[in-house]
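[1] structure for the following, please:
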Amino acid sequence: MKATLIQMNAGADPSANIATAHRLIEQAVVQERPDLIVLPECFTSFGGTAETQMAAAEPCPGGAGYEMLAGMARQHGVFIHGGSLTELKDGRRHNTSFVFDRAGREVAAYRKMHLFSITAPDGTVYDEGRVYTAGDDVVTYDMDGVLVGCAICYDMRFPELFRALIEKGAEVIVIPAAFTLQTGKEHWEPLLRARAIETQCYVLAPGQEGRYEEDGETLYTYGHSLIVDPWGGVIARRPLGEGLVSARLERDAIARARRLIPLASHRRLPAA
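    This is a model prediction of the structure:
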């Protein structure tokens, strides 16, 4: 299959962001003809204040971002993995990836499990817990016979989630992100390659890239959207700027990595 990742520089205006995502999906369909299109984390609203982020939450189905994704998947006959948007569910807000099949039907909803709450080296405080409630479920979906696992951004630092995904049979893992520039320079590529090597899966990681404003401060996301193969090699990359990056994913590459280093048969756990 062919996968196309979309790199964006979303801001705090949901209408403008959704219009940009719509345009880039159309561009991907025309230029790349992919089977799967993946958007970055928080593609409908990013930055602003906690209040604007909460106000951007939408019911799903029914919200503008959700319905745009479903309609584009149906119109173009592609799978769309909707990065993430702010979902309003039962009075709570979740950072949620929705996935739609070629008929525009929702086939997965993954609510980000690990919320990013740190103080960066420069003193900047990031706290997703101000807005979001963490999810609990390990989520996979079937895409034309290929099992795809779901994670979002900060999740990539927790290998136990990825172990759970391969135990469910994942062959491809999608990790939409909005990685900070400070940590991205050191951790982004090593973490993604490690997750691919240890799971022997393809890893697809589209990112936000560029300047944004949050709580009156100017901040930056890292970009560098990547596709990593099951051997840990980066096979496609978009370093900077809005746009697309694509690669073909070969099932034989998964089988070869798992045959050369049969981790599944070698794995042992310490005695309790």
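[2] which residue sits closest to Ser246 in space, ignoring its chain neighbours?
    Excluding its sequence neighbours, the residue lying closest to Ser246 (Cβ to Cβ, 6 or more residues apart in numbering) is Thr4, at 4.3 Å. Using the backbone N, CA and C atoms, a C-beta is placed for each residue, glycine as well.
[3] pretty sure the one you found sits against Ile37.
    Yes: counting by Cβ atoms under 8 Å, Thr4 does reach Ile37; the two are 5.2 Å apart.
[4] any shared contact partners between the two?
    Taking Cβ atoms under 8 Å, 6 or more residues apart in numbering as the contact rule, Thr4 and Ile37 both touch Ala28.
[5] how about the helices of this structure, start to end?
    14-32, 50-55, 64-76, 159-167, 181-183, 189-199, 251-260, 263-266 (DSSP state H).
[6] to Thr119, which of these lies closest?
    Closest to Thr119 of these, according to Cβ to Cβ: helix 181-183, at 10.9 Å.
[7] list the contacts of Gln53.
    Gln53 neighbours (Cβ under 8 Å, 6+ apart): Ala12, Ser45, Thr86, Val131.
[8] list the beta-bridge partners for the residue lying closest to Arg33 once chain neighbours are set aside.
    Nearest residue to Arg33 in three dimensions, chain neighbours excluded: Lys2, at 7.1 Å (Cβ to Cβ, 6+ apart). Here Lys2 sits in beta bridges with Arg248, going by DSSP bridges.
[9] just give me the neighbour total for Lys2.
    Applying other Cβ atoms under 10 Å, we find 14 residues neighbouring Lys2.
[10] again with Ala57
    The tally of other residues near Ala57 (other Cβ under 10 Å) stands at 22.
[11] does it touch Glu87 like I think?
    Yes: assessed by Cβ under 8 Å, Ala57 is found in contact with Glu87 at 6.7 Å.
[12] distance of the residue nearest to Arg33 from Asp35?
    Counting by Cβ to Cβ, to the nearest Å, the separation of Lys2 from Asp35 is 5 Å.
[13] quick check: neighbours shared by the two?
    Common neighbours of Lys2 and Asp35 (Cβ under 8 Å, 6+ apart) do not exist.
[14] for stretch 185-195, buried residues please.
    Within stretch 185-195, the residues scored as buried using 16 or more other Cβ atoms under 10 Å are His187, Trp188, Glu189, Leu191, Leu192, Arg193, Ala194, Arg195.
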